[in-house]
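In: quick one, structure for this:
(2 chains)
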Amino acid sequence: MISKRIIPCLDVRDGRVVKGVHFEGLRDVSSPVELGKYYSDAGADELVFYDITASAENRGLFTDILREVAQNIFIPLTVGGGINTLDDFDRVLKCGADKVSVNSGAVRNPGLIDEAARRYGSQCVVLSADVKRVNGAYHVFVRGGREDTGIEALNWIREGISRGAGEIVLNSMDTDGVKGGFDLPMLQAVCAFSDVPVIASGGAGCIEDFVTLFRECPQADAGLAASIFHFGEVLIPELKRELKKQGIPVREV
Amino acid sequence: MIAIVDYGVGNLFSLQSSFAFIGQRAEVTADRERILNADRVVLPGVGAFGDAADKLNASGLADAVREAAARGVPLLGICLGMQLLFDQSEEFGPHEGLGLIPGRVVSMRGVAAGLKLPQIGWNALHLTRPHPLFRYVREGDQVYFVHSFHGTDCGESLLATTEYGGAVTAAVGKNNVLGCQFHPEKSGKVGLSILKAFAETEDFTC
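Out: You can find the predicted model right below:
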């Protein structure tokens, strides 16, 4: 049986990981390579690197660091942030990314999903959606959650899948940062129709939240989180032990 | 030297990095002579079978791979590269493979009824018999899969399966010709141990 995946997400600005604490044995907490290795050794099933570099001039730092990560860490790497064109796909794939996550770029130009899926295969194209409830409807937000597009989210995700997205990252802005658990109703709404893997994002605050996610929304394939891993509030080996104890299939290292 | 066959399909950076990490010199090459002179050959691949088979044939490297295999050079197909070792695939109509492993590549739809395809993620290996490629692997160790098709009717060449609805072919081997449906270069320590066994082993007949 396929394992439920646990995915830490690392925000990278100008080649450095933005936030984090000092873990034992980690010399440089801002080094994507060291932090990536730490998570990989701890049993992370995949890593997401999100490039939040503001200036185009510094974008090269990200690809340099990505190359270094890919030379040292042998689990799947997903890259997101600033992906607007096929050239952007090309740039990060050549540096060792396995999957590329599109968000605002795909909303602006949905054809990007088709083109990327045709060129690199659907398995390579991850559609990431920042979704928030507005007047009882699910809306897609872009530009890091700052702008409401007014687009109905379930329709957008459906469209993304039919255009060739091979995985969905569903980030609920309503639960993100609250640490009160994943957004189960929103996840269930997407899992009800998605025939590609769905990665839950936003809201994890403790181990129990992951247990609840996979129990209440068994079609969800993975749980993604950032700060609770970076601040050591949830340790991946402990999380996996607990999931296993609760009968949820995981990969232990 | 390990030759990673570059016929324009897929990202070979991680594969090359994996071999470097375990202290093995691997070269990404589209040169027939380099492939024929290599100690070992890796046939990678992602995407659709027909496209990849066309590219492999058009590049003239299909013959080089066949010739290396016929000389007894250890050959490892990975993911679609493994599927290309088979006689035939039904993906988007029948396509001929390299014919180095008996069997056909078919959709997993029949096995994985009701499950998502492609299978994306970590799944456990069930070893069907002891084999040098898996000498560092324990029964149940997990590796990373991304695929919608798999090999069938491979008879005694079957080395490992994984459970996705039913039994799915995870690895095959016939003398010096070997194949992994999963990505060893993306399967953490377990994957690296498989690449190490591939690089070290002189004789795969068993």
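In: is chain B within reach of the helix or strand harbouring residue A:189?
Out: If you go by DSSP states H and E, residue A:189 is part of helix A:184-191. No: applying C-beta under 8 Å from any C-beta of the partner chain, one finds helix A:184-191 out of contact with chain B, separated by at least 10.2 Å. The C-beta positions use only the backbone N, C-alpha and C, and glycine is treated the same way.
In: just checking, next helix/strand downstream of that helix?
Out: Counting by DSSP H and E, the next helix or strand C-terminal to helix A:184-191 is strand A:198-201.
In: near chain B, which residues of the stretch 51-200 of chain A?
Out: With the criterion set to C-beta under 8 Å from any C-beta, the stretch 51-200 of chain A comes near chain B through A:67, A:70-72, A:74-76, A:93-96, A:98, A:120-124, A:166-167, A:195-197.
In: which of the residues you listed count as buried?
Out: Neighbour-count burial (16 or more other C-beta atoms under 10 Å in any protein chain shown) applied to those gives A:67, A:70-72, A:74-76, A:93, A:95-96, A:98, A:120-124, A:166-167, A:196-197.
In: among the residues of the stretch 51-200 of chain A next to chain B, which are in strands?
Out: Counting by DSSP state E, those place residue A:167 in strands.
In: what's the single longest helix found in chain A packed up against?
Out: Ranked by residue count under DSSP state H, the longest helix found in chain A is helix A:59-72. Applying 3 or more C-beta pairs under 8 Å, 6 or more residues apart in numbering or on different chains; DSSP states H and E, we find helix A:59-72 packed against helix A:32-42, strand A:47-51, strand A:77-80, helix A:86-94, helix B:13-21.
In: what residues does that helix touch?
Out: With contact meaning C-beta atoms under 8 Å, 6 or more residues apart in numbering or on different chains, helix A:59-72 is reached by A:12, A:14-15, A:32-33, A:36-37, A:47, A:49, A:51, A:53, A:77, A:79, A:82, A:91-92, A:95-97, B:13-14, B:17, B:20-21.
In: ok, stretch B:114-123 next?
Out: Here stretch B:114-123 makes contact (C-beta under 8 Å, 6+ apart) with A:1-3, A:5, A:45, A:122-123, A:166-167, A:195-197, A:221-222, A:251, B:107-109, B:112, B:142-148, B:162-165, B:168, B:170, B:182, B:187.
In: select only the buried ones of those in ChimeraX?
Out: Applied in ChimeraX, the following selects the buried portion of those according to 16+ other C-beta under 10 Å:
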select /A:2,3,5,45,122,123,166,167,196,197,221,222,251 /B:108,112,142,143,144,145,146,147,148,162,163,164,165,168,170,182,187
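In: contact partners for residue A:42?
Out: Per C-beta under 8 Å, 6+ apart, neighbours of residue A:42: A:235-237, A:253.
In: residue A:228 too?
Out: The contact partners of residue A:228, taken as C-beta under 8 Å, 6+ apart, are A:179, A:204-206, A:234.
In: now whichever strand or helix holds it, how far from the centre of its chain.
Out: Element membership for residue A:228 (DSSP H and E) is helix A:227-230. With C-alpha atoms, centre = their mean, to the nearest Å as the basis, helix A:227-230 stands 13 Å off its chain's centre.
In: mind listing what's buried in it?
Out: Residues of helix A:227-230 classed as buried by neighbour count (16+ other C-beta under 10 Å): A:227-230.
In: average model confidence for the longest helix of chain A?
Out: Average pLDDT, helix A:59-72: 90.
In: now it: buried residues?
Out: Here helix A:59-72 shows A:59, A:61-63, A:65-72 as buried, counting by 16+ other C-beta under 10 Å.
In: now stretch B:47-54
Out: Within stretch B:47-54, judged by 16+ other C-beta under 10 Å, the buried ones are B:47-49, B:51-53.
In: same thing with stretch A:243-253?
Out: For stretch A:243-253, burial by neighbour count (16+ other C-beta under 10 Å) applies to A:243, A:248-251, A:253.
In: show me the shaky parts of the stretch 1-150 of chain A.
Out: A:19-27, A:54 (pLDDT under 70).
In: pull the longest strand from chain B.
Out: strand B:166-174.
In: avg pLDDT for the following helix or strand past that strand?
Out: Toward the C-terminus, strand B:166-174 is succeeded by strand B:177-180 as the next helix or strand (DSSP H and E). Here strand B:177-180 scores 98 as its mean pLDDT.
In: now do strand B:177-180: everything it contacts.
Out: With contact meaning C-beta under 8 Å, 6+ apart, strand B:177-180 is reached by B:69, B:74-79, B:81-83, B:85, B:100-101, B:133, B:143, B:151, B:159, B:170-173, B:194, B:198, B:204.
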